[in-house]
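*Asks:* structure of the sequence below:
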Amino acid sequence: MQALKLDALAGWRWVAGGWRIFRKQPLAFASLLFFYALLLFGASPLIESFARGVGSVLPPLLADLVALVGGLVVAVVTPALSVGFQQACRLSGSGLPIHPILLFAPFRSGRPTLRRLLVLGVIQAVALVVIVFITIGPSAFRSDPPPVDGKPAASAPAAPVPGAAPGEGGLTAEQQDAIRKQTLALFKQALTFVPVAAIMWYAPMLVAWHGLPPGKAIFFSVVAVWRNRSAFAVYIAGWLSVWMGLSIAFSIVLGLFTLIGIGSLAAIVAIPLLLSMVTCMYCSVYPTYATVFVDPQAPAAPVVPPPS
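*Replies:* Below is the predicted model:
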């Protein structure tokens, strides 16, 4: 297997390719993404609520363990679900209907493939735990915030900000320091997540569609991302520019609508627009695969042709 090396402008073609996939069946892909997000992001609050319920009758340490294990389970199944979403993008080139059940296609692909995808999920979960531990520390795995001066954080008195009157909502010195630390931690997480993204970008598809073991899939994923690092830089910059342009346009429209007294209408319009753009982002992952790797079992030609 060989990962092709594309020019930098391929990154922008990937962005456009995501839009071309989405516009074929916009409602189907939007519903698919909604169901995908519901499975991933909806499971964590349920697990956390269950952990809090357990914590009311069991030691807090056990409740923290339940919450941690539950979150790791979500991370473990993420590669399999992501392959299901990309399978939908893959089939859209043949004009086949898209439905949320496609998310579970990898779970019906046989035990060897599913086992390899779950191994990838375990690797991803371990990597995420290491990232959080390095950037935040052990306190990130506690359900309750650490005490302040011997008192629970919720009941610890807050020092007023100089010049801020009580009740004005000014941030305390401790809150400002916490915000700075949280911002720094998020920045560190973003940097440390880059290697994880390189590992997991192509690996699930290589496991599911090419039958590679997890180790080889990770190796080829890293090689492919590195060989096309300029294209990925343009890809990231392209999506950032799209989001910035949409944010500016929405701010202008919101200001105009507010002037004429229908500001709430702009917020209503923004919801489907936001969902559409996020769906396009997820759909654009498939063109990055289809132009870098040659899939002999693909039912259709790559959505975005490679450069001549």
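
*Asks:* just the strands in the stretch 201-308 of the chain please.
*Replies:* In the stretch 201-308 of the chain, no strands are found when defined by DSSP state E, counting those that start in this stretch.

*Asks:* residue ranges with poor pLDDT in it?
*Replies:* 263, 266, 294-308 (pLDDT under 70).

*Asks:* pull stretch 82-90 out as CSV, backbone CA atoms only.
*Replies:* Output of stretch 82-90 as CSV, limited to C-alpha atoms (Å, rounded to 0.1, in the frame of the first residue of the first chain):
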residue,chain,number,x,y,z
SER,A,82,-16.5,7.2,12.4
VAL,A,83,-16.0,4.5,9.8
GLY,A,84,-19.8,4.1,9.6
PHE,A,85,-20.1,7.9,8.8
GLN,A,86,-17.4,7.6,6.2
GLN,A,87,-19.0,4.6,4.7
ALA,A,88,-22.1,6.7,4.1
CYS,A,89,-19.9,9.3,2.3
ARG,A,90,-18.3,6.5,0.3
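
*Asks:* give the rounded mean pLDDT of that stretch.
*Replies:* Average pLDDT, stretch 82-90: 90.

*Asks:* residues making contact with that stretch?
*Replies:* For stretch 82-90, contacts defined as CB atoms under 8 Å, 6 or more residues apart in numbering pick out 21, 28-29, 32-33, 36, 98, 102-106, 117, 204-205, 207-209, 282-283, 285-286, 289-290, 298-300, 303. Yep, even glycine has a C-beta here, placed from its N, CA and C like the rest.

*Asks:* all the helices of the stretch 101-250 of the chain, residue numbers only.
*Replies:* 111-135, 173-200, 203-210, 214-227, 229-259 (DSSP state H, counting those that start in this stretch).

*Asks:* which strands or helices does the first one pack on?
*Replies:* This means helix 111-135. Counting by 3 or more CB pairs under 8 Å, 6 or more residues apart in numbering; DSSP states H and E, the packing neighbours recorded for helix 111-135 are helix 60-92, helix 173-200, helix 203-210, helix 214-227.

*Asks:* and that helix, which residues are buried?
*Replies:* By 16 or more other CB atoms under 10 Å, the buried positions in helix 111-135 come out as 113-114, 116-121, 123-125, 127-129, 131-132, 135.

*Asks:* ok, which of the helices and strands packed on helix 111-135 comes nearest residue 265?
*Replies:* Nearest of the helices and strands packed on helix 111-135 to residue 265, taken as CB to CB: helix 60-92 at 31.4 Å.

*Asks:* thinking again about what came up before, please spell out the PyMOL selection for the buried subset of the contacts of stretch 82-90.
*Replies:* Selection command for PyMOL covering only the buried members of the contacts of stretch 82-90, criterion 16+ other CB under 10 Å:
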select buried, resi 21+28+29+32+33+36+98+102+103+105+106+117+204+205+207+208+209+282+283+285+286+289+290+298+303
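
*Asks:* circling back to that earlier point, make CSV from the helices of the stretch 101-250 of the chain and add distance to residue 40 to it.
*Replies:* As requested, the helices of the stretch 101-250 of the chain are arranged in CSV below (distance: least, CB to CB, whole Å):
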stretch, distance to residue 40
helix 111-135, 12
helix 173-200, 14
helix 203-210, 14
helix 214-227, 20
helix 229-259, 20
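
*Asks:* deepest of those, which one?
*Replies:* helix 203-210 (a mean of 25; mean count of other CB atoms under 10 Å).

*Asks:* neighbouring contacts of it?
*Replies:* Contacts of helix 203-210 (CB under 8 Å, 6+ apart): 1, 79-80, 82-83, 86-87, 106, 109, 113, 116-117, 120, 212-214, 216-218, 220-221, 289, 293, 295, 297.

*Asks:* cool, stretch 31-43 as well?
*Replies:* Against stretch 31-43 from outside (CB under 8 Å, 6+ apart): 70, 73-74, 78, 81, 84-85, 88, 98-100, 102-103, 275, 278-279, 282.

*Asks:* list phi and psi for residue 6.
*Replies:* phi -100, psi 160 (degrees, to the nearest 10).

*Asks:* run a quick neighbour tally on it.
*Replies:* 21 (other CB atoms under 10 Å).

*Asks:* what distance do you get for it to residue 250?
*Replies:* 32 Å (CB to CB, to the nearest Å).

*Asks:* now residue 99
*Replies:* 31 Å.
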